[in-house]
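Engineer: Structural data only, the sequence is not supplied:
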């Protein structure tokens, strides 16, 4: 099976391609490409590109939609939206699954229904939209596909981070702020661990570590909060 130019032109997926070759590539699974030499490359490169575009689009939209949400909440929201199950459902909703070009073996093994394969296909199509229409167009397409999935504003409960809570508590109890000192870091360059010393106005000290200075400070503040609440 292959798709003629006329058949491709009728497959909209809520976007009209100027370059139908990109659409054909987005729909071509590696199993089909391997069995059909000379009929184009698989969608793996587009899936790689689409994965990055999707994360940026979702992150940017969440940042704009929820100005009061903290980093942890935004990360949680993104994880709720960008995962295999959600992307596979969107793939079926757009009927991308019905248009995928699969090799005979993959087809016979139920590949057309595998979440991982469908998730990759969604990202490949997005990669093709990005190349065909640019980032603004790709972002608009993503926002439209996720229209019913964005967390409702009423679900957003703004929770103060540990450092903020600790500062408010020490201001209240000691009329002073805690201080943070970076004591050093360890580990390989690509995977550093940072070590922080937190000093309370009372003289109590707490040490903690994290994959960033910010996370190390938050971890130390969490310890201090627990100490103050139990004192």
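Structural biologist: Arrived safely, thanks for sending. Quantities reported herein were computed from a predicted structural model and do not represent experimental measurements.
Engineer: Determine the longest helix present in this structure.
Structural biologist: helix 44-65 (DSSP state H).
Engineer: What residues does the one residue sitting closest to the centre of the chain make contact with?
Structural biologist: For the chain, the residue nearest the mean C-alpha position is residue 55 (4.2 Å; CA atoms, centre = their mean). Shown in contact with residue 55 (CB atoms under 8 Å, 6 or more residues apart in numbering): 78, 82. In this view, the C-beta of every residue, glycine as well, is placed from N, C-alpha and C.
Engineer: Make 48 the first number, not 1, from now on.
Structural biologist: I'll keep to 48 as the first residue from here, and by that count the last item is residue 102.
Engineer: Any figure for the gap between it and residue 77?
Structural biologist: To residue 77, residue 102 is 22 Å away according to CB to CB, to the nearest Å.
Engineer: can you give me the helices in this structure?
Structural biologist: Under DSSP H, the chain gives helices at 52-56, 67-73, 77-82, 91-112, 118-128, 131-140, 143-146, 151-155, 162-180, 182-192, 209-221, 260-277.
Engineer: Please convert those to a markdown table, extending it with distance to residue 239.
Structural biologist: Converted to a markdown table, the helices of the chain look like this (distance: least, CB to CB, whole Å):
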| stretch | distance to residue 239 |
| --- | --- |
| helix 52-56 | 48 |
| helix 67-73 | 38 |
| helix 77-82 | 36 |
| helix 91-112 | 23 |
| helix 118-128 | 19 |
| helix 131-140 | 30 |
| helix 143-146 | 40 |
| helix 151-155 | 41 |
| helix 162-180 | 30 |
| helix 182-192 | 31 |
| helix 209-221 | 20 |
| helix 260-277 | 10 |
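Engineer: lowest-confidence stretch among those?
Structural biologist: Mean pLDDT across the helices of the chain is lowest at helix 52-56; the value there is a mean of 59.
Engineer: what sits against residue 182?
Structural biologist: residue 100.
Engineer: run the last query once more with 10 Å
Structural biologist: 100, 103-104, 107, 176 (CB atoms under 10 Å, 6 or more residues apart in numbering).
Engineer: ok, the residues you listed vs residue 150, which is closest?
Structural biologist: Each of those was checked against residue 150 using CB to CB; the closest is residue 176, at 24.7 Å.
Engineer: how deep is residue 81 tucked in, by neighbour count?
Structural biologist: 12 (other CB atoms under 10 Å).
Engineer: Excluding residues flanking it in the chain, which one is nearest it?
Structural biologist: residue 150 (6.3 Å; CB to CB, 6 or more residues apart in numbering).
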